[in-house]
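S.K.: predicted model and sequence below, questions to follow.
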Amino acid sequence: MLNKLIERRREIYDNKEFIDQIFCFAKYLSQEIKKVKSNNKVLVCGNGGSASQASHFVAELMARYKLKSSKIFAMSLVSDTSVVSAIANDYDYDKIFSFQVENTIKEGDILVALTTSGMSENVNKAIEIAKEFNAKSFALLGNNGGKTKELADEVLVVPSNDTAVIQEIHLMVLHIICELI
């Protein structure tokens with residue numbers, strides 16, 4: 001069983017074309033994040049395990065990744081349970097991210113979306129709102145990328161349908177982005 005778990009991951013790590021895609025995506029996103037001016041921000045969203053990775057990424061950007069703070073303002077759209085639950089309760093769960101994006105995003109901001117399926121309606125709605133405000137959107141995906149693949153400006157699709165493997169690769173990519181920043 002352990003061999004099967006390792007083999008599923010090895011297939012991805014041995015895929016040179018995909019490793020090149022990771023580097024290109026991470027390099028581009030890190031360059032765009034570095035351009036975020038003092039009056040702009042990075043918004044990050046995701047559901048479930050992707051939600052915790054969204055918050056983790058924001059912590060790395062805001063506090064410290066390894067040695068020092070990046071001095072970039074970032075905001076997790078999943079971390080304030082009062083806001084998320086109020087929007088879900090008063091409006092609709094599918095609006096928990098788009099409502100926050102609509103109230104905070106502006107041109108020059110960046111939205112980073114994480115979804116293993118690419119089918120999370122609340123993530124997709126957030127990307128659609130970001131586009132309305134001319135903000136760039138980046139998505140870390142899995143499976144075949146789902147609908148999100150068509151919506152986001154830049155995407156990286158992990159070639160797997162194993163949620164755990166997808167999330168492991170997403171976390172690695174987020175750390176590579178922090179390294180590049």
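M.R.: Done, it's in.

S.K.: next, count neighbours for Ile16.
M.R.: One correction, residue 16 is Lys, not Ile. The local packing of Lys16 (other Cβ atoms under 10 Å) involves 8 other residues. All C-beta atoms are positioned from the backbone trio N, CA, C, and that covers glycine.

S.K.: try Val112
M.R.: By other Cβ under 10 Å, the residues close to Val112 number 28.

S.K.: repeat that for Asn161.
M.R.: Each residue near Asn161 was counted by other Cβ under 10 Å, and the total is 12.

S.K.: could I get the full set of helices for the protein?
M.R.: Ranges of helices within the chain are 2-13, 16-35, 49-62, 81-90, 98-104, 121-132, 148-151, 163-180, based on DSSP state H.

S.K.: tabulate these (CSV), appending distance to Val42.
M.R.: Formatted as CSV, these follow (distance: least, Cβ to Cβ, whole Å):
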stretch, distance to Val42
helix 2-13, 26
helix 16-35, 6
helix 49-62, 6
helix 81-90, 18
helix 98-104, 11
helix 121-132, 11
helix 148-151, 18
helix 163-180, 10
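
S.K.: between those, which gets nearest to Leu114?
M.R.: If you check each of the helices of the chain against Leu114 by Cβ to Cβ, helix 49-62 wins as the nearest, at 3.8 Å.

S.K.: that closest one packs against which elements?
M.R.: Packed against helix 49-62, as judged by 3 or more Cβ pairs under 8 Å, 6 or more residues apart in numbering; DSSP states H and E, are the following elements: strand 42-46, strand 74-76, strand 110-115, helix 163-180.

S.K.: quick one: distance of the last one to the chain centre.
M.R.: Helix 163-180 has its average C-alpha position 10 Å from the chain's average C-alpha position, going by Cα atoms, centre = their mean, to the nearest Å.

S.K.: check the shortest one too.
M.R.: On the basis of Cα atoms, centre = their mean, strand 74-76 sits 11 Å off its chain's mean C-alpha point.

S.K.: ok, the third one next?
M.R.: Centroid separation for strand 110-115 versus its chain: 3 Å, with Cα atoms, centre = their mean.

S.K.: likewise the first one?
M.R.: For strand 42-46, the distance from its own C-alpha centre to the chain's C-alpha centre is 6 Å (Cα atoms, centre = their mean).

S.K.: tilt between it and helix 163-180?
M.R.: Counting by axes from the mean of the first three to the mean of the last three Cα atoms, to 10 degrees, strand 42-46 points 170 degrees away from the direction of helix 163-180.
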